[in-house]
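Q: here is the input, now give the coordinates:
(chains A, B, C and D)
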2 protein chains.
Amino acid sequence: MRETGNAQVRPYHHGDLSRALVDAARRILEAEGAQALSLRAVAREAGVSPAAPYHHFKDKTELLEAVAHGGWEMLSDAIFEARRNSADPRDAIANIGIGYVRFARENPALYRLMYDTSRDRTAMPEHAKEEDSGYHQVQCALVEAGCDPTDAGELELATIASWCAVHGLAEMANFKEFQPLKEAMGGDEAFLRAVLRHFGTFSPRIKH
Amino acid sequence: MRETGNAQVRPYHHGDLSRALVDAARRILEAEGAQALSLRAVAREAGVSPAAPYHHFKDKTELLEAVAHGGWEMLSDAIFEARRNSADPRDAIANIGIGYVRFARENPALYRLMYDTSRDRTAMPEHAKEEDSGYHQVQCALVEAGCDPTDAGELELATIASWCAVHGLAEMANFKEFQPLKEAMGGDEAFLRAVLRHFGTFSPRIKH
DNA sequence: CACCTATCTGAACGGTGTCAACATGATCTT
DNA sequence: AAGATCATGTTGACACCGTTCAGATAGGTG
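A: This next block holds a predicted model:
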């Protein structure tokens, strides 16, 4: 049920301008970067006057939050795929990490926007509470890999540790300084897997 | 002849406006946050006209980079302190992590600015190459904790893994969702140490 | 039909980054 | 000492930004 169940209601003048604005914003973000993402540019891209968005979002911030929300859904889809393609549950954690970093690399501006809006309210995206959220999936994958599900505190800590570590890696994996090391290791994925290995097991209960 | 290094000689009109602008920027950043940090506001705070900064920085970006550079120095100082206060080298890694997160928490806007400017050029701050940089210090601490210094690749990976993991933790440690867990664990530092423990050893060569 | 309400437009306000033209005054040359 | 030079600072302007508000428009409801 990861369908975005939207009705085909076309409202009064434009026809679902709200969604059109979010799409336009993501298009600008991908094509021109975060610096070019002004509310006026979004309105322009959607073919509408600069004031029109204010009938659908109280703020520029609120629009950006909607864009970010879509990003979290994309990310949890990517995690879902990585998990589904892992034959052995013990590989799932690393594969999720690889998929996560790949998503961040393929959508750099969106990924940054996602965390910027989260940090501005010092909270995880509300999406994290849902059943199929990336966070929840990582937790499940940890259990399947052998993490004790009865010790809720430890499980939570292991999930947090995994998420933090991979997020840090995603933000820095593109640093120029790592390029020589990557090549010496024979490619990007080898480098990522090696760093993930150094993170440890993410839980003292999981043995290699 | 005016010397080329960072001299304390007071230039023509203002008297080291360049430094005054960086200080003003950091003051605004702490007091009002990143959103209020406009070039004009910085000039205002420094008591100078809006165009004056352009004789010292080619861009707003270049000013922010200078501010960020100062931040990296503060951070490496914090790491130095954490290291110096660790009696046993085996505690140093965790203590550095705690000190790092504390710095990020005490200077949230500055910390974000530091990484924003780094990521914009997909590179670590030049400071990272210097002898007393935080990155270099972590590497030394890993060696002192038992990491094999002769295997350069593994050492590099361990350093990267440590840095990424702690950075991720620093960015998320304030999330509201973690509050109950923190309190259940009896405090902030206990929570941080627990997450750090879950990161593993950062190097397969280090045994607990 | 008339009315109502959600939606969109146009113009305006204060703020921003940046630039070109001009003013100033410390230093260098003579 | 006097004048030239050039780094430094100011003023004013431009285009763009987020946001607001009065008014135009048009779908839904009586």
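
Q: residues of the lengthiest helix in chain A that come out buried?
A: Longest helix in chain A by number of residues (criterion: DSSP state H): helix A:60-84. Residues A:60, A:63-76, A:78-80, A:82-83 are the ones in helix A:60-84 that count as buried (16 or more other Cβ atoms under 10 Å in any protein chain shown). Glycine gets a C-beta too; all of them are placed from N, C-alpha and C.

Q: how about stretch A:122-135?
A: A:123, A:124, A:125, A:127, A:128, A:133, A:134, A:135.

Q: report the two of those separated the most.
A: Within the buried residues of stretch A:122-135, two members stand farthest from each other by Cβ to Cβ: A:123 and A:134, at 15.3 Å.

Q: re earlier: dump the helix or strand that comes right after the longest helix of chain A to PDB, restricted to CA.
A: Downstream of helix A:60-84, the next assigned helix or strand under DSSP states H and E is helix A:89-106. This file holds the C-alpha atoms of helix A:89-106, laid out as PDB (Å, rounded to 0.1, in the frame of the first residue of the first chain):
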ATOM      1  CA  PRO A  89      18.800 -11.400   6.400                       C
ATOM      2  CA  ARG A  90      22.400 -11.000   7.600                       C
ATOM      3  CA  ASP A  91      23.300  -9.100   4.400                       C
ATOM      4  CA  ALA A  92      20.200  -6.900   4.600                       C
ATOM      5  CA  ILE A  93      21.800  -4.300   6.900                       C
ATOM      6  CA  ALA A  94      24.700  -3.700   4.600                       C
ATOM      7  CA  ASN A  95      22.500  -3.700   1.500                       C
ATOM      8  CA  ILE A  96      20.200  -1.200   3.100                       C
ATOM      9  CA  GLY A  97      23.200   1.000   3.800                       C
ATOM     10  CA  ILE A  98      24.300   0.800   0.200                       C
ATOM     11  CA  GLY A  99      20.800   1.600  -1.100                       C
ATOM     12  CA  TYR A 100      20.500   4.500   1.300                       C
ATOM     13  CA  VAL A 101      23.800   6.100   0.200                       C
ATOM     14  CA  ARG A 102      22.900   5.600  -3.400                       C
ATOM     15  CA  PHE A 103      19.600   7.400  -2.900                       C
ATOM     16  CA  ALA A 104      21.400  10.300  -1.200                       C
ATOM     17  CA  ARG A 105      23.900  10.400  -4.000                       C
ATOM     18  CA  GLU A 106      21.200  10.300  -6.800                       C
END
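
Q: now do the helix or strand that helix A:89-106 is followed by: which elements does it pack against?
A: Downstream of helix A:89-106, the next assigned helix or strand under DSSP H and E is helix A:108-120. Packing partners of helix A:108-120 (3 or more Cβ pairs under 8 Å, 6 or more residues apart in numbering or on different chains; DSSP states H and E): helix A:17-32, helix A:60-84.

Q: any chance of these in CSV, plus mean pLDDT and distance to DNA strand D?
A: Shown next, in CSV, are the helices and strands packed on helix A:108-120 (pLDDT from 0 to 100; distance: least, Cβ to the nearest atom of the strand, whole Å):
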stretch, mean pLDDT, distance to DNA strand D
helix A:17-32, 97, 10
helix A:60-84, 97, 3
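
Q: go through these and name the closest to DNA strand C.
A: With Cβ to the nearest atom of the strand as the criterion, DNA strand C lies closest to helix A:17-32 of the helices and strands packed on helix A:108-120, at 4.0 Å.

Q: tilt between that closest one and helix A:89-106?
A: 80 degrees (axes from the mean of the first three to the mean of the last three Cα atoms, to 10 degrees).
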